[in-house]
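Undergrad: this one's sequence-less:
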């Protein structure tokens, strides 16, 4: 596991999940059609009668042809992670812990600590030992590309905001190029809404920690 941790002052690639251009074009057609159609009851009924996890059935009022709608559903499965920039990640070793120090673009990582002796992840929201082993799978990991490694998960109730916070922190090795991957995701759930932060996805060269 230690071999997957970024070395101190590691150059990292900032990755972002992006849709194909054609998917953006079709989504814009949906938006325009819905804005023109003042009667939204048909859409509410369509959503209500569609089983959870299933795509909406085609309706011409969506503003696209049936062929275009099938194309939209297909493209929705082809989101990929693309490099949008670079940054430098600092990681310090304190005894048996690795402490992450994020800069402006990586500020969410500030305060993250990994205790490898106990397999603990410490975050500003709480600590977890819930560790899962990840086996590379091309189809399930199509967004980032296949990788193997570890995921820590944390679910914590925040009494100050009366909401539940779900954390997922992953470290792994990419299958196709051997580079490291770090994924950090924060979701806050309340009675009123689900607020999901932009996932932080980094790729970096794996080097021995100094």
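TA: Sure thing, it's come through. The structure displayed is predicted, hence computed values, not measured ones. Numbering: from 1, shown residues only.

Undergrad: avg pLDDT for the longest helix seen in the chain?
TA: Counting residues, the longest helix in the chain under DSSP state H turns out to be helix 21-36. What helix 21-36 shows for mean pLDDT is 88.

Undergrad: buried residues in it?
TA: Counting neighbours by 16 or more other Cβ atoms under 10 Å, one finds that the buried residues in helix 21-36 are 23, 26, 29. Heads up, the C-betas are built off the backbone N, CA and C, glycines and all.

Undergrad: Kindly indicate which of these lies nearest residue 178.
TA: Set against residue 178, the nearest of these by Cβ to Cβ is residue 23 (30.0 Å).

Undergrad: any idea how far residue 7 is from residue 97?
TA: Distance from residue 7 to residue 97, counting by Cβ to Cβ, to the nearest Å: 16 Å.

Undergrad: Also residue 167?
TA: From residue 167 across to residue 97, the span is 17 Å (Cβ to Cβ).

Undergrad: out of the two, which sits in the busier spot?
TA: Higher neighbour count among residue 167 and residue 97: residue 167, with 21 against 15, using other Cβ atoms under 10 Å.

Undergrad: The more buried one touches residue 158, doesn't it?
TA: No: using Cβ atoms under 8 Å, residue 167 is not in contact with residue 158, being 11.5 Å away.

Undergrad: so where's the protein uncertain?
TA: Low-confidence segments of the chain, defined by pLDDT under 70: 38, 40, 191-198, 210.

Undergrad: Take the buried residues of helix 21-36 and write them to TSV, including distance to residue 204.
TA: Output for the buried residues of helix 21-36, formatted as TSV (distance: Cβ to Cβ, whole Å):
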residue	distance to residue 204
23	28
26	34
29	38
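
Undergrad: for those residues, which one is nearest residue 181?
TA: Nearest to residue 181, judged by Cβ to Cβ, of the buried residues of helix 21-36 is residue 23 at 23.8 Å.

Undergrad: what's the neighbour count on the nearest residue to the closest one once chain neighbours are set aside?
TA: Spatial nearest neighbour of residue 23, chain neighbours left out: residue 75 (4.1 Å); criterion: Cβ to Cβ, 6 or more residues apart in numbering. Counted with other Cβ under 10 Å, the neighbours of residue 75 add up to 18.

Undergrad: Contact partners for residue 75?
TA: With contacts defined as Cβ atoms under 8 Å, 6 or more residues apart in numbering, the neighbours of residue 75 are 19-20, 22-23, 26.

Undergrad: What separation do you get for residue 160 and residue 167?
TA: According to Cβ to Cβ, residue 160 stands 16 Å off from residue 167.

Undergrad: What are the buried residues along stretch 166-181?
TA: Buried positions in stretch 166-181, judged by neighbour count with 16+ other Cβ under 10 Å: 166-174, 179-181.

Undergrad: Show me what that stretch is in contact with.
TA: With contacts defined as Cβ under 8 Å, 6+ apart, stretch 166-181 is touched by 1, 4-6, 112, 121, 123, 125-126, 128, 134, 136, 138, 144-156, 182-189, 201-206.

Undergrad: to the chain's geometric centre, what's the distance from that stretch?
TA: Relative to its parent chain, stretch 166-181 has a centroid offset of 12 Å by Cα atoms, centre = their mean, to the nearest Å.

Undergrad: Good, wrapping up.
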